[in-house]
Every structure is written in C-alpha cells, then in structure tokens.
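In: coords please:
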Amino acid sequence: MMEVKPNILIVDDDEVMCRTLSEVLEKMSCEVASAQKGEDALYCLRKMVFDLILLDIKLPDMDGFDILKEIREIDSDPLVIMMTAYADVQTVVAAMKAGAYDYINKPFEIDELRLAVKKALETKELRGELLRLRYKHRDKEEEEEIYGVSPQMDVVRELISLISQTPRTPVLIQGESGTGKELVANAIHYQSRRRQKPIIKINCSAIPEALLESELFGYEKGAFTDAKENRPGLIELAQGGTVFLDEISEMKPSLQPKLLRFLETYLLRRVGGERDIKMDVRVITSTNKELAQLVETGEFRKDLYYRIKVMVIDLPPLRDRKEDIPTFTQYFNKKIGRELGKEIRSVTDEALDLLLAYSWPGNVRELKNVIERAMILARGDLIAPEDLPLELRRNKVERASSLGEKWVDNVDGFSPLAAVERRYILKVLQEKRGNKSETARVLGISRSTLREKLNRYRLNP
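Out: Next up is the predicted model:
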C-alpha cells in the first residue's frame with residue numbers, strides 16, 4: 001500500500017531557515033514545499049492542497065496575519081503554525097483569533113518543532129476521522145465473512161484472499177441483485193492492510209446525476225451558488241482505505257471520463273478547483289448488468305471498463321448454488337433471531353424442501369426477507385411451511401411430490417429424458433439435504449458421474 005505523505009508548506013523569507021526546516025520535515029516522511037514571499041505562498045495554495053503550513057509573521061511583501069486571512073479564504077482545511085520572534089501575549093492571541101492552530105517562538109529547538117508538527121498532523125487526522133463518521137463506513141453488525149459451502153463460493157473466497165493482498169488493484173464484482181456484492185467488497189477491505197481506514201460506499205444509482213460529481217470529488221468554495229465553503233468528497237474521505245462504487249453501470253457518461261482520469265493518476269480535483277490532491281485508495285466497483293454489452297451500445301466507456309476490471313469476481317445466483325440455502329437459513333435464523341429477540345432452532349424438513357425448490361429471483365437478499373417474515377409468523381421454535389410466503393408454497397417448479405407424478409414439458413404429453421433425469425436428481429438431492437455421497441448411492445452412480453450431471457444440468461448443489 002502506497003503511503004500518502006503529509007503535505008507541508010513553509011513560508012519564511014530566510015532561505016537557510018526554509019532549507020533547514022525542509023530537511024527536518026522530509027526526514028519525518030513529509031512532502032515539503034517552501035515560499036519566501038506571501039504572494040508565492042498564496043500561489044502554491046491555489047495549486048496544491050496542504051495539510052499544514054508553517055508561516056512566519058514577518059515577510060517582505062505581506063504581513064503574516066494578512067496571509068493567514070487569505071489562506072482561510074482559499075482553503076479552511078490546512079492547519080497553520082505561526083512562527084514569530086515576537087512572543088508577546090497580544091501577538092499570540094491575535095494569531096489564534098485569526099485562525100492559527102498553534103505558534104512557535106523563534107529561535108526554536110528542532111525537537112520543539114518536530115513535536116509541534118507531529119501534534120498538528122495528529123489533529124488533522126482526527127478531524128478527518130470525525131468527518132468520516134458522518135458517513136457510515138463500518139456498522140458493528142456489518143459482515144465481512146462470506147458464507148456458503150458451494151464450490152462456487154470457495155472460488156470467491158480464494159479470489160478475495162488473493163486480491164486483499166494487493167495494494168491498489170481495482171476490482172469489479174459482477175452478479176445479480178441480492179447476491180452479496182457489498183459483502184464481497186467488505187471482505188476485500190477488511191482482509192487487506194487498509195482495514196484500519198474507512199470503506200466509503202457510494203450507490204451510483206441513488207445520487208442524482210447533478211450531485212454525483214460533487215459528492216464523489218467534493219467542491220471548492222464558490223464552485224456553485226450554495227458552495228459557501230470547501231467540502232471534501234466521498235473519495236477524499238476514504239484516504240488510505242477503500243471506495244466502493246455500487247451499480248457503476250448507472251454512472252452517467254459525462255462523469256465516466258473524470259473517474260477514468262482519477263483511476264489512471266490517483267489525483268483528485270474538487271469541483272471548481274485547480275489543485276490536485278494525491279490519493280491512496282483502492283476502488284472496488286459492482287454491477288448487476290452486463291458491462292460488456294453497455295460498452296457495445298456506447299452507454300459505458302470501453303477504456304473505463306478495462307480500467308475497473310483488472311480483477312473480476314463473479315457471484316453466482318442462489319438458484320445455481322442451492323446447497324448454500326441451508327447454511328444461509330441457519331445463519332439468518334441466528335442473526336435475525338437476535339434482532340427480534342426470538343429463538344428459532346431451524347426449519348422443518350417440509351419447509352426446507354420448499355426453500356430448496358424455489359428459484360430465488362431476488363437471491364440471498366430475498367431469502368433473508370423470507371426468513372425474517374417466517375420468524376415473525378412462527379409460533380414455535382421451528383419454521384413450518386405455513387410460515388413461508390404463498391409463492392413458495394404454490395411453487396411447483398422442479399418439484400415432484402412422488403415419482404409417479406406426470407412430468408410434462410412438451411405439448412405432445414411427453415418430457416425429454418434429460419428433463420426427467422434433472423428433476424429426479426434434484427428430488428433425491430432435496431431428500432438427502434444436499435448430501436452428494438448419499439445422492440450418488442441412491443442413484444446408483446459414482447460421485448464423479450453425479451458431479452458431471454450436476455454441472456451439465458446447472459444444479460451445482
């Protein structure tokens with residue numbers, strides 16, 4: 001992970017002092033710029049973003065207090081330490097009233113300077129943390145574990161483990177709505193070295209187009225009518241952490257070039273600003289649409305598409321990994337039970353059959369909602385079929401109550417052999433609760449043959 005060094009501006013007309021302070025601060029892993037005149041300092045501020053400014057009160061062209069006032073007009077974010085050889089009380093009070101963070105008397109010891117700078121940078125970091133708390137970046141209940149026992153989810157977990165070890169590689173998570181794309185983003189972030197920094201989540205479809213750019217990149221004072229002060233964007237708040245752009249396919253074409261520029265340079269420019277801010281974040285995106293098709297129709301930029309899909313994680317729908325349903329059911333029983341103050345041990349075999357037979361168009365999210373509803377309705381400590389929604393109880397897709405039931409697919413009254421075999425395998429799997437060894441034994445075939453048939457019929461339970 002690349003560390004973004006604090007940016008410090010030294011404003012002092014003494015060239016030797018500037019050089020000495022620069023050497024000290026560079027050894028403290030800071031990026032340093034210097035100016036010997038007030039106008040030069042203000043020019044630097046208009047072109048760069050600084051975390052801390054060391055400002056001499058006496059300069060040849062401007063008074064330090066006038067410069068401090070101009071600094072606050074340009075950017076209220078950087079902290080200012082005034083350097084003065086006139087340590088009278090009136091000067092100190094005036095500096096604090098004008099917006100200075102601290103002051104230091106000339107001549108000073110190098111250790112004294114180091115301590116003042118360290119204290120100021122810690123304060124700056126704390127202010128950033130407080131600002132981030134306005135946005136929910138990690139709830140106590142937020143999940144970072146990926147559940148599921150299916151081979152597909154084993155692959156997903158392996159990819160997460162590999163990706164989390166890379167410092168900045170962009171990741172694209174693809175999958176239908178409700179498959180758990182946000183959980184995968186959480187897992188990548190919290191398994192990485194960025195875990196101590198925030199993960200900022202932005203739903204590209206939830207923010208109006210007119211506001212999305214300023215929400216993402218922030219804005220400078222005066223950028224538009226209501227911009228009365230500088231405001232960092234959500235990407236800036238994620239400094240050192242992760243940005244999760246959910247539903248990236250909904251991002252309008254007008255904003256896509258700006259995101260591409262950021263991903264190519266990791267330099268951020270606020271709306272209405274002229275200064276670039278160096279960022280250290282990982283960008284994770286997700287989509288429930290086929291981005292390749294949107295590229296073909298011109299709705300999504302090809303260069304941005306290839307930039308965000310350096311690593312791709314495909315999340316399979318729940319209907320293709322039905323052996324995960326019992327696992328999720330038990331997990332939701334415990335999780336939702338704690339929230340409702342209700343203890344449900346499990347589901348009955350009949351209820352589980354209905355859950356396994358349903359196609360789950362809403363995927364894991366729909367399953368969670370169904371379990372929550374069933375837990376509210378359940379009268380005992382087990383979820384029964386009558387506690388499930390009507391569409392599950394009426395569902396007869398890929399189900400048969402007995403082997404003698406007519407399985408008809410064609411108008412001539414007969415079914416293809418493959419369709420009958422598929423249904424029968426699914427029926428046995430349901431009866432054996434997803435146990436492949438038992439299913440193969442009942443069917444009279446080897447486990448490897450069963451695996452081939454599961455893949456062929458896209459059952460994968």
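In: buried residues in stretch 185-203?
Out: Buried residues in stretch 185-203, counting neighbours by 16 or more other Cβ atoms under 10 Å, are found at 185-192, 194, 197-202. No exception for glycine: its C-beta is placed from N, CA and C like everyone else's.
In: oh, that last question was meant for stretch 176-184, not what I typed.
Out: Those would be 176, 178-184, for stretch 176-184 by 16+ other Cβ under 10 Å.
In: so how far is the one helix or strand L25 maps to off the chain centroid?
Out: Assigned by DSSP states H and E, L25 belongs to helix 15-27. With Cα atoms, centre = their mean, to the nearest Å as the basis, the distance from the averaged C-alpha position of helix 15-27 to the chain average is 39 Å.
In: and the contacts of that helix?
Out: 8, 10, 12, 32, 34, 36, 54, 110, 113-114, 117 (Cβ atoms under 8 Å, 6 or more residues apart in numbering).
In: the most centrally placed residue in the chain: what secondary structure?
Out: Taking Cα atoms, centre = their mean as the criterion, F244 is the residue nearest the geometric centre of the chain, at 2.9 Å. Three-state call for F244 (DSSP: H, G, I helix; E, B strand; the rest coil): strand.
In: measure it to R270 for me?
Out: 21 Å (Cβ to Cβ, to the nearest Å).
In: and if you look at I104?
Out: Relative to R270, and taking Cβ to Cβ, I104 is found at 30 Å.
In: the domain parsing of this protein - what is it?
Out: Following the assignment in automatic domain parsing, the chain carries domains at 7-132, 151-316, 319-394, 398-461.
In: now those domains in TSV, with mean pLDDT and distance to E145?
Out: Shown next, in TSV, are the domains of the chain (pLDDT from 0 to 100; distance: least, Cβ to Cβ, whole Å):
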stretch	mean pLDDT	distance to E145
domain 7-132	87	24
domain 151-316	91	7
domain 319-394	91	9
domain 398-461	70	21
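In: show me where the stretch 201-350 of the chain has strands.
Out: 218-219, 231-232, 242-246, 267-268, 277-278, 282-287, 311-315, 346-347 (DSSP state E, counting those that start in this stretch).
In: show me the helices in the stretch 201-350 of the chain, by range?
Out: Secondary structure of the stretch 201-350 of the chain (DSSP state H, counting those that start in this stretch): helices at 209-217, 234-237, 256-265, 291-296, 302-308, 324-340, 349-357.
In: now render those helices as JSON lines, adding mean neighbour count and distance to V171.
Out: Below are those laid out as JSON lines (neighbours: other Cβ atoms under 10 Å; distance: least, Cβ to Cβ, whole Å):
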{"stretch": "helix 209-217", "mean neighbour count": "17", "distance to V171": "18"}
{"stretch": "helix 234-237", "mean neighbour count": "22", "distance to V171": "16"}
{"stretch": "helix 256-265", "mean neighbour count": "16", "distance to V171": "12"}
{"stretch": "helix 291-296", "mean neighbour count": "14", "distance to V171": "13"}
{"stretch": "helix 302-308", "mean neighbour count": "17", "distance to V171": "8"}
{"stretch": "helix 324-340", "mean neighbour count": "17", "distance to V171": "22"}
{"stretch": "helix 349-357", "mean neighbour count": "19", "distance to V171": "31"}
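In: and those: which comes nearest E125?
Out: helix 234-237 (12.5 Å; Cβ to Cβ).
In: where is the longest helix in the chain?
Out: Longest helix of the chain, by residue count under DSSP state H: helix 110-132.
In: next secondary structure element downstream of that one?
Out: helix 151-163.
In: sorry, back to before: filter the contacts of helix 15-27 to the buried ones?
Out: Burial by neighbour count, judged by 16+ other Cβ under 10 Å, picks out 8, 10, 12, 32, 34, 36, 54, 113, 117 from the contacts of helix 15-27.
In: among those residues, which are in strands?
Out: If you go by DSSP state E, these have 8, 10, 32, 34, 54 in strands.
In: quickly list what the residue nearest to the last one when sequence neighbours are not counted is bridged to.
Out: Nearest residue to L54, sequence neighbours excluded (Cβ to Cβ, 6 or more residues apart in numbering): I10, at 4.9 Å. Counting by DSSP bridges, I10 forms beta bridges with S34, L54.
In: and the helix holding L25 with helix 110-132, angle?
Out: 60 degrees (axes from the mean of the first three to the mean of the last three Cα atoms, to 10 degrees).
In: next, the angle strand 31-35 makes with helix 15-27.
Out: Angle of helix 15-27 versus strand 31-35, following the same axes, to 10 degrees, is 170 degrees.
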